[in-house]
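1. 3D, please:
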Amino acid sequence: MSDNDVRGISPDKRSTSLHDRGVVTKAPAKKAAKKTAAKSATPSTRAPVRPHELDVLGMYRSYWAGRSNTEKFQAALPREERIRRGIKHLDREWYPDTEDFHRVEAAGKAKQSVVKRMATPEALVGMLGEIGSKNPGTVSRVNIFAHGNNEGDFALSGRVSENNVLWSEADLQGAAFAEKFFAEANDPLTVYWGTGKSGHSLAEARQAFSKDGVVVVYACHSAINSVDLVRLSGALGVPVAGFNKELVFKVDQTKSGDLSIELGIDGVPESFERDFHQLDRYLKVVRAAPASKGLSR
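-> Numbering: from 1, shown residues only. Now for the predicted structure:
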């Protein structure tokens with residue numbers, strides 16, 4: 001299909017930020033009732049947490065929410081094919097939203113993986129800080145699924161319209177890996193919030209990664225602006241990888257009515273894969289400090 005990066009980015013004054021500084025919270029757990037029985041003399045042991053991948057899905061408000069998979073599939077067809085089939089609404093053009101990111105993630109997820117939906121970079125750092133404080137060295141790879149543009153910008157939230165992807169000013173301020181995020185990362189007093197009541201430091205977020213940890217950004221043109229990738233690498237202390245070219249999606253509809261989505265590289269027909277890890281060979285890897293040993297699953 002035609003290009004799938006963020007085109008025509010313009011402020012959408014009706015849009016509002018999904019989160020304030022990426023704080024992700026949930027209701028505190030109820031306190032357990034006191035037990036009268038004597039405690040066991042043998043201390044309980046907890047099995048060590050195995051290294052795993054963290055799959056992060058950008059949270060995009062979507063025109064397609066509540067619409068059928070058939071409508072999505074038809075909008076993903078080339079215009080000529082839609083005309084041939086007599087499909088209405090030729091002005092529609094499909095772009096992936098959060099549910100579609102989840103389809104791509106689910107088709108290629110590693111055996112040991114955890115998936116989270118996040119709207120801001122701060123929420124991601126807060127989650128990593130929580131992991132680093134409790135189970136350091138257990139995140140082998142972070143896979144970020146989001147939208148990007150041909151200038152190398154990428155953000156964790158925005159709006160998918162009927163024929164485009166748009167970022168409001170609030171999205172660019174709160175959801176992009178840009179100046180605001182890096183300024184906060186350079187401030188040693190910045191606190192990042194995970195799912196609990198405790199704040200976490202950037203140092204704790206770095207501790208979450210295993211020895212060969214890496215961050216991979218699945219967004220169009222995410223590696224064109226290597227400066228931001230290097231800065232993200234410096235903030236998290238691990239190599240960061242992205243794509244110089246546009247990511248494109250091959251969409252099909254299964255007999256059950258669901259959508260099947262393959263991910264590939266624009267202009268490289270043989271690149272389409274159900275498992276997003278297979279696109280590692282097209283990645284550009286950068287690091288702020290000593291050279292990386294390379295990507296590994």
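
2. May I have the distance across stretch 193-203, first residue to last?
-> 13 Å (Cα to Cα, to the nearest Å).

3. Where is the longest helix in the protein?
-> Taking DSSP state H as the criterion, the chain has its longest helix at helix 121-134.

4. What strands flank the helix or strand that it is followed by, and is each parallel or antiparallel?
-> For helix 121-134, the following helix or strand on the C-terminal side (DSSP states H and E) is strand 139-145. Here strand 139-145 has these sheet partners by DSSP bridges: strand 52-62 (parallel), strand 209-218 (parallel).

5. nearest to residue 179, of the ones you listed?
-> Residue 179 lies closest to strand 209-218 among these, at 17.4 Å (Cβ to Cβ). In this view, the C-beta of every residue, glycine as well, is placed from N, C-alpha and C.

6. Can you show me the helices along the stretch 151-297 of the chain?
-> For the stretch 151-297 of the chain, the helices defined by DSSP state H, counting those that start in this stretch occupy 169-174, 179-185, 202-207, 226-236.

7. which outside residues touch the longest helix of the chain?
-> Applying Cβ atoms under 8 Å, 6 or more residues apart in numbering, the external contacts of helix 121-134 come out as 19, 21-24, 54, 56, 116, 118, 138-139, 142, 144, 156, 175-177, 181, 184-185, 192-196, 198-209, 235-236.

8. Buried ones among those?
-> For the contacts of helix 121-134, a burial check counting by 16 or more other Cβ atoms under 10 Å picks out 19, 21-22, 24, 54, 56, 118, 138-139, 142, 144, 156, 175-177, 181, 184-185, 192-194, 196, 200-202, 204-209, 235-236.

9. Tell me which of the helices of the stretch 151-297 of the chain approaches residue 149 most closely.
-> With Cβ to Cβ as the yardstick, what comes closest out of the helices of the stretch 151-297 of the chain is helix 169-174 (10.8 Å).

10. Need the CA coordinates for that closest one. PDB is fine.
-> The C-alpha trace of helix 169-174 is given here as PDB (Å, rounded to 0.1, in the frame of the first residue of the first chain):
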ATOM      1  CA  GLU A 169       0.700  20.000  20.200                       C
ATOM      2  CA  ALA A 170      -0.100  18.100  23.300                       C
ATOM      3  CA  ASP A 171       1.000  14.800  21.700                       C
ATOM      4  CA  LEU A 172       4.300  16.400  20.600                       C
ATOM      5  CA  GLN A 173       4.900  17.800  24.100                       C
ATOM      6  CA  GLY A 174       4.000  14.700  26.100                       C
END
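
11. Next, the buried residues of stretch 66-80.
-> 69, 71-77.

12. export stretch 273-286 as CSV, just CAs?
-> Extracted as CSV, the C-alpha positions of stretch 273-286 are listed here (Å, rounded to 0.1, in the frame of the first residue of the first chain):
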residue,chain,number,x,y,z
GLU,A,273,7.4,-11.0,7.8
ARG,A,274,4.8,-12.0,10.4
ASP,A,275,7.5,-12.0,13.0
PHE,A,276,8.8,-8.5,13.5
HIS,A,277,12.1,-9.8,14.8
GLN,A,278,13.0,-10.9,11.3
LEU,A,279,13.4,-7.3,10.3
ASP,A,280,16.5,-7.0,12.5
ARG,A,281,18.7,-7.2,9.4
TYR,A,282,17.3,-3.8,8.3
LEU,A,283,18.0,-2.1,11.6
LYS,A,284,20.4,0.8,12.2
VAL,A,285,21.9,0.4,15.7
VAL,A,286,23.4,3.3,17.6
